[in-house]
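K.L.:
I need the structure of the sequence given here:
(2 chains)
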Amino acid sequence: MKSSWLKIIASFFAIALIAAACGGSDSGSSDTASSSETATETAEEEVIEAGTEAEGDVDTEVEEVVAESSYGGSLTIGLEAEATGLRPWEDACSSPCLTMIQAVYDTLVVLRTDGSVGPWLATDWSANEDFTEWTFNLVEGATFHNGTAFTAQSLVDMFPLQQLGAAAGGIVTAAGLTEVVAVDDTTVKYVLNAAHSAFPSFLVQPPLGAAFDAEAANADFDGYSMNPIGTGAFMMDKRDLDNETVVVRNPNYWMSDADGNQLPYLDSVNFRPIPDEGTRLDSLLSGTTQAMQTLRQGTIRDARSAKADGADIVLLEFQGNNVGGGMYNLNNPPLDDVRVRKALTQMNNQEATIEALGGTGISLPGTQWFSPDSPWYSEKVAAAWPKFDYEAGQALLKEYVDDPERSDGKAVGEKIEVELSCPPDPTLIAAVQVSEQLWTATGMVDVTLTNYDQQTHINYALGAPPDFMGSHGVHCWRWSNNNDPSTELNRQLAPHTLGVAAAYGLDGIFTPTNFFNYFDIEVFGALVQATKTDVFAERYALYEMVMMKFATDLPVYYSGHTAELLAVETGVEGINGWVLPDGTFGGQGWSVPQLNQAFLTN
Amino acid sequence: MFGKVFAVKTIRLVATLFAVSLLTFLLVEQLPGDPILAILPPGGLDDLETIERIRKELRLDDPVLTRYFRWVGNALQGDLGKSYITDQPVADAIKDRIPVTMELALLATIIAAVLAIPIGALSAYREGGYFDRAMSTFTTAALSIPGFLAGIFFIWLFTLKFNWLPSTGWNRITEKGILANLQTAILPAGALALAPLAINARLIRADMIGTLKEDYVLSAKAKGLRDRYILMRHALRPSSLTAITVFALQLGGLIGGTVVIETVFALPGLGTRLISGIYQRDVMMIQGITLFIATVYVVVNALVDLLYAALDPRIRRQ
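P.N.:
The predicted structure follows:
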């Protein structure tokens, strides 16, 4: 009797320990062997070996859909979080929210797999000579879910809401958009206050590009988030916040497949927010959901491992331009001295940091704001980026520490003080601890580690109005996207104070999102110049110059590119290989899947 | 006499709620940064006019105390304000989510009670025996394992290994019936029940060990009454008073305790909304839900105190 109770108790503890090991932690290394096995079995991983430094491209190839499409069925997708709201012009959105928005709304244009802008609700477009007026032709026959026709006037009516919208207002300003004019029912003109050769890129983004019924939005501004009305493939059926959002097939959707079959194929899609990474993956593996998204390297590693262990899932992986790392606050001595920034960068072991993030074999090391498969990527910049060289970093730091004129006002030989801050995510903490140990080991750096929740972390770097002068030191951050570089770089590298702007004769040009407090008139000039030409080679040279300045001035340092994954049950088709109306492949990654061509084969 | 007790308790309750509301408001206020910045996406931050317009609309340019008293004044009328992020009224968010959280807390309490009573009683009856020692180990483990870890274990066992129950989601009784609802509720409630189960099993055991040594129990045994009858009728009832009190107190605590469990199981309860409110820096939502949870806890505590006072004349006299 006694021994059987002991066995039960021992089993309970053993199972509890197993459960703990399966709990979705990002920092553990126990899955290395399984990851290695996965690497040999999945096509997208054939160029890498888990446990070694990531090399090459780990993206899943975009392929033409070969399975025969069929109507019907419902797809349940596990998302990272609930959507903050479904009003494109008003609600700040990240990938879970964008996934829902993309199902309900159509944008005028979309990104192709090569990063170029392709047609969607707009069939074609052209600019005047100086890129201050853009004319778009629109598809005919599209209607909103409430039956209202989508016309050029719909876009005109949307504009006042977008100008005042919390999400769209800033983009309207960044694009310099001053007026939207309906030329006729299917032709609309966007008027800018300055040249912008990549203006259509702004219309890829839902805040400015997603078509919504302005009359309905004005009639019920708050309620529109729960009952959004777009022209998209799916219509809102049920919005049970933090539980499930169900959208059903739009029977009047304007788009058809290449064979003339009306889209979408699916009867419904059920979006289910599952914040816990481990639970989200478990939900897919148990069949509770049929798809899940993640941006966490540890979860990608676990998904690979599950697939290697026989899980019947397909992994769609992608690494875009988004790159992580840390930024230096140039307004905060000693980080205002490039010797210190370069020293800290050289003493930061990028490989070890990626390993601590759980990204070995998953995340490519970053050297710039563009990933190696981006058309904007520069090998010249990659070569120029400071490599891990601990001794060189130490020597440079010593030069600063021994400098009687050192900017932090401390005595010669005294340690520099650095606050290193990251949100309280286990993998991020592990990653910054790598930097902390390496910097502290020099005996010349006092590192203070701090952790604040995500929003406080951002606010800390942002500072408060009207000056927006963050008091951070070295701050974990992510930059860049897969859209045109101008949509992000121009915004982040404008003057960080009105005083700086005035000093360069740029009165009134100011951005609070220059978190590094780094301004270089040559860089800013290049960025402005890049909006005045549409010749790719010229634009490429200008952005390369900007990234080269980053490699010498070092307002940031990099860890790895952000890996993203959409894992789906076998039999979910049409997410990889969706096409634009012109037949080209669409999409930049999978974390915001396009579902209007998805179908089920089982 | 009882009226006086009631009055004193009510005054204390109001004072406690006032302190909770003020502390909650001030703590959220102390977070670094500007709440407006959380409303806007990065692109929106360049637009200073929009920032100032939103600040005025939300009356965030008023002094702290003015905003606090306005918030409390509105809260007393049932208006907890609107979410800065989603524009949803906070009271509506609470109303939508309280059934989930309350059901979880109640179900966890029922599971804990149904299991704790026999475990405690049998352990006491067989004090020092195999069952008692095994249950002592079990309750120690149950108290040591955090609820979220138990939740992850349950998902692994009942979803991944046996595929008996869904890992996430919530079937509402009103839409899908009670059985479908229980399918989604039983795992999180079970995880939530572990700690109260262990505490109450131990309390009942300790109480019953004492009761079983009382003269009237020995007398019942001497009369030749059956063990089960003695346990249920003579020992358990007097030993239950402490446990009932603790169950009642735990119910209030469990409403707060669901925060993590709801996140693990992705349930649409108050806890999930509170966590997302914290991540989004949704000031009104954080304040409203915290105040609501604190109110439930304080009110349940006060009711238990009053119940004691009603039942026990000695407490009234104190």
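K.L.:
point out where the chain drops to low pLDDT.
P.N.:
In the absence of a named chain, chain A is used. Low-confidence segments of chain A, defined by pLDDT under 70: A:1-57.
K.L.:
please go with chain B instead
P.N.:
Applying pLDDT under 70 to chain B flags the ranges B:1-2, B:32-33, B:41-47, B:239, B:309-318.
K.L.:
how about the helices of it, start to end?
P.N.:
B:2-30, B:35-39, B:48-57, B:64-76, B:90-125, B:130-144, B:147-154, B:173-211, B:215-222, B:227-229, B:237-264, B:270-280, B:283-311, B:313-317 (DSSP state H).
K.L.:
what residues does the fourth one touch?
P.N.:
It refers to helix B:64-76. B:18, B:21-22, B:25-26, B:29, B:59-60, B:62, B:80-81, B:287-288, B:291 (Cβ atoms under 8 Å, 6 or more residues apart in numbering or on different chains). Glycine gets a C-beta too; all of them are placed from N, C-alpha and C.
K.L.:
return the set of buried residues in that helix.
P.N.:
Of the residues in helix B:64-76, B:67-68, B:71-72, B:75 count as buried by neighbour count, 16 or more other Cβ atoms under 10 Å in any protein chain shown.
K.L.:
what's the spacing between A:Arg272 and A:Thr132?
P.N.:
45 Å (Cβ to Cβ, to the nearest Å).
K.L.:
ok, those two, which is more surrounded?
P.N.:
Taking neighbours as other Cβ atoms under 10 Å in any protein chain shown, A:Arg272 and A:Thr132 compare with A:Arg272 leading, 25 against 17.
K.L.:
contacts only, for that one.
P.N.:
Neighbouring residues of A:Arg272 by Cβ under 8 Å, 6+ apart: A:76-79, A:243-245, A:283, A:289, B:168-169, B:266.
K.L.:
from those, which is closest to A:Leu335?
P.N.:
Nearest to A:Leu335 among the contacts of A:Arg272, counting by Cβ to Cβ, is A:Leu79 at 37.0 Å.
K.L.:
related to what we said a few turns ago, just the ones of the contacts of A:Arg272 in strands?
P.N.:
Counted as lying in strands by DSSP state E, out of the contacts of A:Arg272, are A:76-79, A:244-245.
K.L.:
quick check: the farthest pair among those residues?
P.N.:
Farthest pair in the ones in strands among the contacts of A:Arg272 (Cβ to Cβ) is A:Gly78 and A:Thr245. Separation: 12.2 Å.
K.L.:
quick one, which of these two is more surrounded?
P.N.:
Set A:Gly78 next to A:Thr245 and count neighbours by other Cβ under 10 Å: A:Gly78 wins out with 30 against 25.
K.L.:
in CSV, list the ones in strands among the contacts of A:Arg272 along with distance to A:Val523.
P.N.:
Rendered in CSV, the data for those read as follows (distance: Cβ to Cβ, whole Å):
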residue, distance to A:Val523
A:Thr76, 46
A:Ile77, 40
A:Gly78, 41
A:Leu79, 37
A:Glu244, 46
A:Thr245, 42
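K.L.:
intersect the residues you listed with the contacts of chain B.
P.N.:
Among the ones in strands among the contacts of A:Arg272, proximity to chain B is found for A:78, A:244 (Cβ under 8 Å from any Cβ of the partner chain).
K.L.:
A:Val528 is in what secondary structure piece?
P.N.:
According to DSSP states H and E, A:Val528 maps onto helix A:521-529.
K.L.:
buried residues of whichever helix or strand comes after that helix, list them for me.
P.N.:
Per DSSP H and E, the first helix or strand lying C-terminal to helix A:521-529 is helix A:536-553. Buried residues in helix A:536-553, defined by neighbour count with 16+ other Cβ under 10 Å: A:539-540, A:542-551, A:553.
K.L.:
Provide the secondary structure category for the residue in chain A positioned nearest to chain B.
P.N.:
Proximity of chain A to chain B (Cβ to the nearest Cβ) peaks at A:Asn459, 2.2 Å away. Here A:Asn459 is helix, with the state taken from DSSP: H, G, I helix; E, B strand; the rest coil.
K.L.:
enumerate the residues of the stretch 151-300 of chain A near chain B.
P.N.:
Residues of the stretch 151-300 of chain A lying near chain B (Cβ under 8 Å from any Cβ): A:164, A:166-167, A:169-171, A:173-174, A:207, A:221-222, A:225, A:240-244, A:272-276, A:278-280, A:282-283, A:285-289.
K.L.:
show me which of those residues are buried.
P.N.:
For those, buried by 16+ other Cβ under 10 Å: A:164, A:166-167, A:169-171, A:173-174, A:207, A:225, A:240-244, A:272-276, A:278-280, A:282-283, A:285-286, A:288-289.
K.L.:
narrow these to those in helices?
P.N.:
A:164, A:169-171, A:173-174, A:207, A:278-280, A:282-283, A:285-286.
K.L.:
report the two of these separated the most.
P.N.:
A:Thr173 and A:Ser286 (46.5 Å).
K.L.:
how about the residues of the stretch 51-200 of chain B that lie near chain A?
P.N.:
So the stretch 51-200 of chain B meets chain A at B:51-54, B:82, B:85-88, B:93, B:96-97, B:130-131, B:133-134, B:137-138, B:141, B:145, B:149, B:152-153, B:155-157, B:159-160, B:163, B:166-170, B:172 (Cβ under 8 Å from any Cβ).
K.L.:
PyMOL command for the buried members of these?
P.N.:
Only the buried entries of these go into this PyMOL selection, using 16+ other Cβ under 10 Å:
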select buried, chain B and resi 51+54+82+85+86+87+88+93+96+97+131+133+134+137+138+141+145+149+152+153+155+156+157+159+160+166+167+168+169+170+172
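K.L.:
which residues touch A:Leu177?
P.N.:
Counted by Cβ under 8 Å, 6+ apart, A:Leu177 has contacts A:190-193, A:202, A:208.
K.L.:
B:Val296 contacts B:Ile255, correct?
P.N.:
Yes - using Cβ atoms under 8 Å, B:Val296 is in contact with B:Ile255, at 5.4 Å.
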